[in-house]
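# can't give you the sequence, but here's the structure:
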DNA sequence: GGCTGAAGAAATGTGCACATTCTTTCTCTC
DNA sequence: GAGAGAAAGAATGTGCACATTTCTTCAGCC
């Protein structure tokens, strides 16, 4: 009866909230790669016991959002350039398979929806909204996969995008230049024409362009981060 | 100093061993889908504290090897037929992407290695070794992905195969008939000929055949399982 | 002066006690 | 006799205390 009254075990999904908060902070780049996440500090920030934090951190590690080394705590992953390229390559290969499937059963409805998306993307690029461009660019590829209506495939892509989003901070494509949008358009056009080879070609070159633009940015030297602000945003 | 002497915290990877034991038992079908895994029982079997078991179970759940529902414990997943088909479809789509990539850079060395594998597969099929056939069939697809040398892709496939292996128990393709082997052979032949369309076609039909053979087998009614034997095997 | 090593501080890991929730069973009522 | 409800038993969830490991700092020595 110690904490039964005040402490409320009430919140059955407090874990979930904390999990989401940390995951979002990582995915949005608010936590620099390599940053150490100490259990005590997090427990204080979220106002929960250390055990709760522990559980969440280990779950995030199992989901590969964090890296935990025994007795040394958790860190935001700091992927090498090779790993980054592997993730892009995996995405490229996966998308090739998706396009092969879509070329057989793409509906006019889907194609129109993709066109609508392209309009948005071009608008964002034209007004120089970099944040929106990055988001919409990811959404384009998400739409392609989601069109298949396969939860497994959607999850796989979500995983890959999640892991590469960290890297936008580290290895930042110089700019998400407007040409990327046109490359998306080329893919859609090929799909509409029922031209699988063309779609594969366009997709492949799109990814090669993105990879080409990868720049190694010096690791942020454990810049002082306002953990509390980064985690509690939104 | 309570248990410092006898209990040995010695084993730093006891968790790992337990994790592997349970995972292997699931993947090899020694634990029927839907089976409940109680923490106390497992703790007794492995001779460790319940906390240790808890940690492992939750990790397995994060890896989607187990299903945990809050306050109700862990169960071996019991995928619906729809989920099974989704997993096969995901595998098919992924393999299409892999083949597109391989058709551009398949080396003679790789092709020869695949041929060697086919010989093994045919041998197993001819002598009616069902267990070996299933294993080798999985290995064939694994080899295709591994040939790209991309850890991300290999892991994705490993995941899919892991989840579908459970189902061999539930929805068991009537027999892994020898024709499946020949379908593998068709894929390799197309690759060797540099015929991407042919390889895609062969792969697609291979998967459709496998899915066609899926049979719904009535859930095993929580058959009495010797947990201890199933978990400690090997 | 720089390096080594030991002691203290801090962070992570683990078992245990107890709280909570779920399941089962027994009883009482209609 | 069947169904609803309550109580007992069993299983899971959580905070805490303490063990262990790692990191830091500082003193001593070459």
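Cool, got the structure. Predicted model only: the values in this text are computed from it and were never measured.

# Could you pull up the mean pLDDT of the lengthiest helix in chain A?
The longest helix of chain A (DSSP state H) is helix A:81-105. For helix A:81-105, mean pLDDT is 93.

# other SSEs contacting it?
helix A:130-146, helix A:151-170, helix A:179-192, helix A:196-212, helix B:81-105, helix B:151-170 (3 or more C-beta pairs under 8 Å, 6 or more residues apart in numbering or on different chains; DSSP states H and E). To be clear about C-beta, it is placed using only N, CA and C from the backbone, and glycine gets the same treatment.

# Now the fourth one: buried residues?
Within helix A:196-212, the residues that qualify as buried by neighbour count (16 or more other C-beta atoms under 10 Å in any protein chain shown) are A:196, A:198-200, A:202-204, A:206-207, A:210.

# go on, the first one?
Counting neighbours by 16+ other C-beta under 10 Å, one finds that the buried residues in helix A:130-146 are A:132-134, A:136-141, A:143-146.

# do the same with the shortest one
Of the residues in helix A:179-192, A:180-181, A:183-192 count as buried by neighbour count, 16+ other C-beta under 10 Å.

# ok, now the longest one?
For helix B:81-105, a neighbour-count test (16+ other C-beta under 10 Å) marks B:83-84, B:86-103 as buried.

# Is any residue of the very next helix or strand once past the longest helix of chain A near chain B?
Next in sequence after helix A:81-105, counting helices and strands by DSSP states H and E, comes helix A:108-126. No - counting by C-beta under 8 Å from any C-beta of the partner chain, chain B has no neighbours in helix A:108-126; the shortest distance is 15.8 Å.

# Identify the residues contacting helix A:108-126?
With C-beta atoms under 8 Å, 6 or more residues apart in numbering or on different chains as the test, helix A:108-126 has contacts from A:102, A:132-133, A:136-137, A:139-140, A:143-144, A:147, A:176, A:178, A:181, A:184-185, A:188, A:191-192.

# pLDDT below threshold where in chain A?
For chain A, the stretches with pLDDT under 70 are A:1-12, A:166-181, A:215-223.

# can I see the domain layout of it?
By the record's domain assignment, chain A is partitioned as A:14-78+A:219-232, A:81-212 (automatic domain parsing).

# Of all these, which one is nearest DNA strand D?
With C-beta to the nearest atom of the strand, the closest approach to DNA strand D among those belongs to domain A:14-78+A:219-232: 3.5 Å.

# first vs last residue of that closest one, how far apart are they?
End-to-end distance for domain A:14-78+A:219-232: 14 Å, by C-alpha to C-alpha, to the nearest Å.

# what's the spacing between it and its chain's center?
Offset of domain A:14-78+A:219-232 from its chain centre (C-alpha atoms, centre = their mean, to the nearest Å): 16 Å.

# Leaving out the residues flanking it, which one is nearest to the residue most central in space within chain A?
Geometric centre of chain A, nearest residue: residue A:162, 2.6 Å, by C-alpha atoms, centre = their mean. Excluding the flanking residues, the one nearest residue A:162 by C-beta to C-beta, 6 or more residues apart in numbering or on different chains is residue A:27, at 5.8 Å.

# Against residue A:160, how distant is the one you found?
Residue A:27 sits 12 Å away from residue A:160, going by C-beta to C-beta, to the nearest Å.

# neighbour count winner among the two?
Shown here are residue A:27 and residue A:160; by other C-beta atoms under 10 Å in any protein chain shown, residue A:160 has more neighbours (21 against 16).

# Please report the distance of the nearest residue to that one once chain neighbours are set aside from residue B:67.
Closest residue to residue A:160 apart from its sequence neighbours, by C-beta to C-beta, 6+ apart: residue A:91 at 5.0 Å. For residue A:91, the distance to residue B:67 equals 28 Å [C-beta to C-beta].
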